[in-house]
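Provided below for reference: sequence and predicted model.
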Amino acid sequence: MNKLMTNIMEQSMPANKVPAATPLLPRQRAIIIGSARGLGAALARHLATKGYHLGLIDRNPDLLNAICTEINTANGAIVALPYVHDATSYGEVPALMQKIMADLGGLDLFIYNAGILLPTTPTTYEFEKDRQMMEVNALGAMAWFNAVAPIFQALGSGQIVGISSVAADRGRVGNPGYNASKAAMATYLEALRNRLTRHGVHVLTVKPGFMDTDMLKSSPRTFWVVSPEQAASDIFKAMKSRRQTIYTLGRWGLIMLIIKHIPSVIFRRLSF
Ligand SMILES: NC(=O)c1ccc[n+]([C@@H]2O[C@H](COP(=O)([O-])OP(=O)(O)OC[C@H]3O[C@@H](n4cnc5c(N)ncnc54)[C@H](OP(=O)(O)O)[C@@H]3O)[C@@H](O)[C@H]2O)c1
């Protein structure tokens, strides 16, 4: 066993295999990156109620164990398996992906939710924060998308969901690094959709406005705040109806349409 694989096996908690799906009890299988807190945890709970078997990934072993225990207890069976992984450890991705697929018995849905928003001000310039946001929000996503896409393409099925943000739609004075990282993910997903739709693979881009999670604590001015449970329900409905892009709340779609069309000569005078 090579060193990389050994590291992954050591980082993965003792994981029982989920019960095998049968023709009478078919099970969808999903991986969620960034699933111990906030929207990721809400998505995990929601998918478990819809009968999914889950490979849950996050960096914090205690929180990850807690969400798996909660879901498995609620289901009276092991349906959620924990895997400790930092989304910036790109080299681990291919082997970890294979291990989770083996544990789950396949894969139907992949969700990249991990994200960080590092606070800054309109007059500070901090490359280190920009680098971290690009690494977690964009490069980590690309590492996983590159592992998942060829598998779904070969299968001729599967769903890929990326959690971007309304922040992707326009570069604003507040946080250029966060805007750029979320725009990178949204553009990458659009390109993947254009590649994969013809192979039967569905790609969904999610652009939340404000969600009531730990991340919101670093955003001073908020309104139309949605609960992570509501956002998870919106995302699931969008998956089922095979939408391409959704905003949650939906009204953000109209607002961002207007904001996207504000001419630059006016937009650069605004302070948001
Ligand atoms: N909250 C909002 O208002 C809002 C609005 C628009 C978009 N979003 C996006 O929605 C997604 C979910 O955000 P949230 O509000 O639920 O935020 P959150 O409560 O801060 O949760 C973020 C999750 O991502 C995980 N994560 C962060 N860095 C990671 C890494 N390097 N490797 C693995 N996991 C990592 C965190 O794990 P740890 O516990 O290890 O930190 C946590 O589970 C993010 O992509 C965010 O950018 C949020």
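Arrived safely. Numbering: from 1, shown residues only.

From here on, just use CA atoms for contacts and neighbour counts.
Fine.

where does the stretch 151-272 of the chain come near the ligand, residue by residue?
163-165, 208-216 (Cα under 6 Å from any ligand atom).

who wins for neighbours among the residues you listed?
residue 164 (30 neighbours; other Cα atoms under 10 Å).

Now for residue 226: which residues touch it?
Neighbour list for residue 226: 210-212, 248-249 [criterion: Cα atoms under 8 Å, 6 or more residues apart in numbering].

Reformat the residues of the stretch 151-272 of the chain next to the ligand as TSV; add pLDDT and distance to residue 107.
Formatted as TSV, these follow (pLDDT from 0 to 100; distance: Cα to Cα, whole Å):
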residue	pLDDT	distance to residue 107
163	98	19
164	98	22
165	98	25
208	98	25
209	96	29
210	95	30
211	96	28
212	95	30
213	96	28
214	94	29
215	94	29
216	90	31
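
quick one: which of those sit in strands?
Among these, the members falling in strands (DSSP state E) are 163, 208, 210-211.

could you check the distance from residue 56 over to residue 111?
Distance, residue 56 to residue 111, by Cα to Cα, to the nearest Å: 10 Å.

Name the residues contacting each of the two.
31-33.

ok, of these, which one's closest to residue 52?
Closest approach to residue 52 among the shared contacts of residue 56 and residue 111 (Cα to Cα): residue 31, at 9.9 Å.

Which one's more surrounded, residue 56 and residue 111?
Using other Cα under 10 Å, the more surrounded residue of residue 56 and residue 111 is residue 56, with 26 against 23.

among the shared contacts of residue 56 and residue 111, which ones are buried?
31-33 (16 or more other Cα atoms under 10 Å).

Which members of those are positioned in helices?
Among those, no residue falls in helices (DSSP state H).

Is it possible to get a markdown table of the residues you listed that adds pLDDT?
Compiled in a markdown table, these are given as follows (pLDDT from 0 to 100):
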| residue | pLDDT |
| --- | --- |
| 31 | 98 |
| 32 | 98 |
| 33 | 98 |
